[in-house]
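In: below is the sequence, then the predicted model.
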Amino acid sequence: MNTPLGYALLRDRRVSLRPKLVALGTGVAAVALIELLQIPLESVFAFLVPVAGAAGDVALDGAEAVIGPVIIATILMPHLAPAEIVQQLRAERGGA
């Protein structure tokens, strides 16, 4: 699991759009599933602490919605990108 390499692949123009969209789509689906599983717990917190619970929920959900898919995509990119480009990037980055 080489997240810097995955992030570099996500930003690299030599990698086509399809693997990037598959990785980001998988990340969005995973985060959406996690959010669905959190709904019962979040409703309890919103009932117990109405104002702080709602404000914290909005802030955390917004961060999860952006950061989560990107992290998952960076983990998946070395496996989805063409092997030649992955090897080239590893060589350019000094064997990372």
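Out: That came in fine, so what should we check first? Numbers count the residues shown, from 1 in each chain.

In: CA atoms for contacts and neighbours, from now on please.
Out: Will do.

In: now do the helices in the chain.
Out: Counting by DSSP state H, the segments of the chain that form helices are 3-11, 17-48, 50-80, 83-92.

In: and Ala59, what pLDDT?
Out: Among the per-residue scores, Ala59 holds a pLDDT of 72.

In: I misspoke; the intended subject was Pro50.
Out: Reading off the model, Pro50 has pLDDT 72.

In: that one: how many residues sit nearby?
Out: 12 (other Cα atoms under 10 Å).

In: give me the most central residue, the chain.
Out: In the chain, the centroid-proximal residue (Cα atoms, centre = their mean) is Pro69; its distance is 2.2 Å.

In: residues touching that one, list them.
Out: Contacts for Pro69 (Cα atoms under 8 Å, 6 or more residues apart in numbering) come out as Leu24, Gly25, Thr26, Gly27, Val28, Ala30, Val31.

In: my guess is the third one contacts Ala73. True?
Out: Meaning Thr26. Yes: Thr26 is within contact range of Ala73, at 7.4 Å (criterion: Cα atoms under 8 Å).

In: the lowest-mean-pLDDT helix or strand in the chain: which residues count as buried?
Out: Lowest mean confidence among the helices and strands of the chain (mean pLDDT, DSSP states H and E): helix 50-80, at a mean of 84. Using 16 or more other Cα atoms under 10 Å as the test for burial, helix 50-80 gives 53-54, 57, 64, 68-78, 80.

In: same thing with stretch 11-27?
Out: Residues of stretch 11-27 classed as buried: Val15, Pro19, Lys20, Ala23, Leu24, Gly25, Thr26, Gly27 (neighbour count, 16+ other Cα under 10 Å).

In: next one: the first one from Ala81, what distance?
Out: According to Cα to Cα, to the nearest Å, Val15 stands 6 Å off from Ala81.

In: intersection of neighbour lists for those two?
Out: Common neighbours of Val15 and Ala81, using Cα under 8 Å, 6+ apart, are Leu9.

In: run a quick neighbour tally on Pro4.
Out: Neighbourhood size, Pro4 [other Cα under 10 Å]: 13.

In: contact partners for the nearest residue to it once chain neighbours are set aside?
Out: Nearest non-adjacent residue to Pro4, counting by Cα to Cα, 6 or more residues apart in numbering: Thr74, 7.5 Å away. Listed by Cα under 8 Å, 6+ apart, the contact set of Thr74 reads Thr3, Pro4, Leu5, Gly6, Tyr7, Leu9, Leu10, Ala23.
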